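Asks: got a sequence here, can you build the structure:
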Amino acid sequence: MPTRILRNPRYRTPLLVPDILHLVFLYLVPSHHATTFSEAPWDLIASSMVCRSWYEEASPFLYNRIQLDLFRTLVYDNRFDVAEMKRYINLLVEFRHNGFDPPGLIEQVKIDVRCMSRSRVESMTESLETFFKLRPRNLTDLEIDITYLATARASPLDHLNNLFNRLQPIWPPIRRFSFNGGGSHPAHHTHIDTLLTILSPTLESLTLTNYAITHATQDALRRCSRIRDVNMIRIHDPENGLATVLPSWSNLREFCYMHGRSPCFDRTIHALAASCTLLNSFTLVNGGAVHYTAVTVGAVDSLLSSCTELKRLRLVRISWVHDGTLVETLLAHGRKLEHIDFIECQCLTRITNLNSYVHRGWPELRTLSLSGCHNLAETFVVWVICECPNLEQIEVPDHLALAVERWIKLNGFQYVRRNTWKRQREESVPKYVGSSGEDKPALSTTIGTPKRTRRRAGIRALKEFFTFLK
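Replies: This is a model prediction of the structure:
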């Protein structure tokens with residue numbers, strides 16, 4: 001690097017030359033890439049803001065040693081150092097004063113107040129207020145976790161609630177909000193109802209975990225008219241109060257419900273079918289006893305009948321997923337489904353009289369997962385492959401990995417990863433040159449043949465397989 005002497009017009013003595021600055025900054029450069037907040041070279045970052053010449057010398061070290069993802073998420077938890085966080089926020093303020101915009105890199109804020117002392121929470125809210133007053137333009141994601149705040153007395157959420165109210169006029173346009181109540185007392189959730197009301201004008205994605213749905217919650221959720229993606233995980237809603245909210249969510253596209261030992265949730269699912277006709281993805285997860293499901297097959301049947309845009313259905317550990325349900329519900333009303341996941345559905349075994357259901361598969365189905373269905377018969381897998389001409393990917397349970405390998409390969413699938421097969425693209429089909437000189441598909445495979453031809457070959461293979469079983 002050529003030596004350049006920088007002079008300050010107000011003084012006769014020269015400033016530090018770039019060569020010396022370069023050598024000094026070498027002592028501040030970390031030995032490896034900073035991947036966590038505590039590893040960031042804060043001294044080097046502070047030095048880069050002294051003046052323009054210092055910034056020019058320090059910036060190459062910063063860009064080479066710091067991952068930008070480090071500044072995309074701001075985390076407040078019990079592990080962060082209070083003094084270090086205050087310094088970071090002050091640096092962000094100084095950056096903004098100098099015409100730079102690192103606060104614009106921050107997209108997500110995570111707040112975890114578990115086991116925090118009152119003084120620590122007060123320091124956190126103080127630095128949070130300073131940060132939010134910078135109005136980070138790309139901040140769209142907010143997560144709060146209060147797991148194990150089990151008492152009903154004044155909690156750290158009191159400080160957060162006061163902060164939310166003070167910042168309401170300048171609150172950033174949060175589009176995704178996630179809250180985990182854990183084993184906390186339901187009294188703490190009233191603070192989150194207030195926050196939901198504040199976020200409602202821009203909120204598009206909502207995840208509530210271990211949350212108590214009250215009348216105040218219902219009022220707050222009704223204001224979220226732009227909501228498109230909802231995840232309800234082990235919520236406490238004994239009166240199905242969420243059913244009164246769903247008419248306000250006409251733009252809802254994805255709905256996921258995971259229950260434990262919850263009362264029947266059918267009223268909410270029927271309201272979902274009636275009010276959210278644009279729904280394209282529905283997930284039902286049983287997180288409790290295998291023999292009990294809070295949603296009955298009748299409620300899901302009404303959902304399939306009413307939501308004509310539904311393309312993805314995911315059922316996990318659902319006891320009523322068995323042969324009769326498959327025929328009466330999914331084959332009858334779910335023929336437009338493109339993605340189906342049956343995960344750990346132990347009652348699913350086979351379809352009786354499979355010959356009666358030829359030409360009655362899922363014509364639009366593209367992906368199918370049967371992971372964990374340990375009682376499933378191989379005849380069902382063969383039937384699906386033969387009756388779903390647009391199938392692109394299938395995941396089979398462990399016990400059928402070898403049994404159905406031949407039939408999967410016969411229909412042009414290639415092994416991708418554990419128990420998962422993907423149909424090869426037509427351009428990857430091996431060719432051979434015939435006697436007349438034209439290219440023909442290899443005789444040893446049906447890959448790349450037209451869908452109708454593959455379907456006929458599949459039906460012949462299916463009949464051959466049934467004959468073999470007899």
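Asks: let me see the confidence value for the nearest residue to residue 413 once chain neighbours are set aside.
Replies: Nearest residue to residue 413, sequence neighbours excluded (CB to CB, 6 or more residues apart in numbering): residue 421, at 4.0 Å. Where C-beta positions appear, they are placed from N, C-alpha and C, glycine not excepted. Residue 421 is assigned 94 on the pLDDT scale.
Asks: count of neighbours near residue 421?
Replies: By other CB atoms under 10 Å, the residues close to residue 421 number 24.
Asks: residue contacts, it?
Replies: The contact partners of residue 421, taken as CB atoms under 8 Å, 6 or more residues apart in numbering, are 393, 394, 395, 396, 408, 413, 414, 415.
Asks: find the nearest non-adjacent residue to the fourth one, please.
Replies: Leaving aside its sequence neighbours, residue 396 sits nearest to residue 419 (CB to CB, 6+ apart; 5.2 Å).
Asks: tell me the contacts of the one you found?
Replies: If you count contacts by CB under 8 Å, 6+ apart, residue 419 has them with 371, 395, 396, 397, 398, 401.
Asks: what helix or strand is the residue lying closest to residue 45 once chain neighbours are set aside on?
Replies: Excluding its sequence neighbours, the residue lying closest to residue 45 (CB to CB, 6+ apart) is residue 91, at 6.0 Å. Per DSSP states H and E: residue 91 is located in helix 82-97.
Asks: with residue 230 instead?
Replies: strand 229-233.
Asks: off-centre distance for that strand?
Replies: 11 Å (CA atoms, centre = their mean, to the nearest Å).
Asks: check which helices and strands it sits against.
Replies: Applying 3 or more CB pairs under 8 Å, 6 or more residues apart in numbering; DSSP states H and E, one finds that strand 229-233 makes contact with strand 205-209, strand 254-259.
Asks: what's the next secondary structure element after the shortest one?
Replies: Yep, that's strand 205-209 we're talking about. Sequence order places helix 215-222 as the next helix or strand after strand 205-209, per DSSP H and E.
Asks: got the buried residues for that following helix?
Replies: For helix 215-222, a neighbour-count test (16 or more other CB atoms under 10 Å) marks 217, 218, 220, 221, 222 as buried.
Asks: pLDDT score for residue 217?
Replies: In the prediction, the pLDDT value recorded for residue 217 is 91.
Asks: cool, the one 4 residues further on as well?
Replies: With respect to pLDDT, residue 221 has a value of 95.
Asks: so in that sheet, which strands flank the one helix or strand the residue nearest to residue 413 maps to, and in what orientation?
Replies: For residue 421, the host element (DSSP H and E) is strand 420-423. Using DSSP bridges, strand 420-423 pairs in its sheet with strand 393-395 (antiparallel), strand 413-417 (antiparallel).
Asks: mind saving the C-alpha coords of it as PDB?
Replies: This file holds the C-alpha atoms of strand 420-423, laid out as PDB (Å, rounded to 0.1, in the frame of the first residue of the first chain):
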ATOM      1  CA  THR A 420     -37.200 -40.600  -0.700                       C
ATOM      2  CA  TRP A 421     -37.600 -41.100  -4.500                       C
ATOM      3  CA  LYS A 422     -37.900 -38.400  -7.100                       C
ATOM      4  CA  ARG A 423     -39.100 -38.900 -10.700                       C
END
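Asks: what sits up against stretch 162-180?
Replies: Surrounding stretch 162-180, the residues in contact under the criterion CB under 8 Å, 6+ apart are 125, 128-129, 132-133, 135-137, 139-147, 191-192, 194-196, 198-199, 202-211.
Asks: so which of these belong to strands?
Replies: Secondary structure from DSSP state E places 141, 142, 143, 144, 145, 205, 206, 207, 208, 209 of the contacts of stretch 162-180 in strands.
Asks: farthest-separated two in these?
Replies: The distance between the two most remote of those (CB to CB) is 16.7 Å, for 145 and 205.
Asks: dump the residue contacts of the closest residue to residue 72 other than its chain neighbours.
Replies: In space, and not counting its chain neighbours, residue 72 is closest to residue 107: 4.9 Å by CB to CB, 6+ apart. Residues in contact with residue 107 (CB under 8 Å, 6+ apart) are 72, 73, 138, 139, 140, 141.
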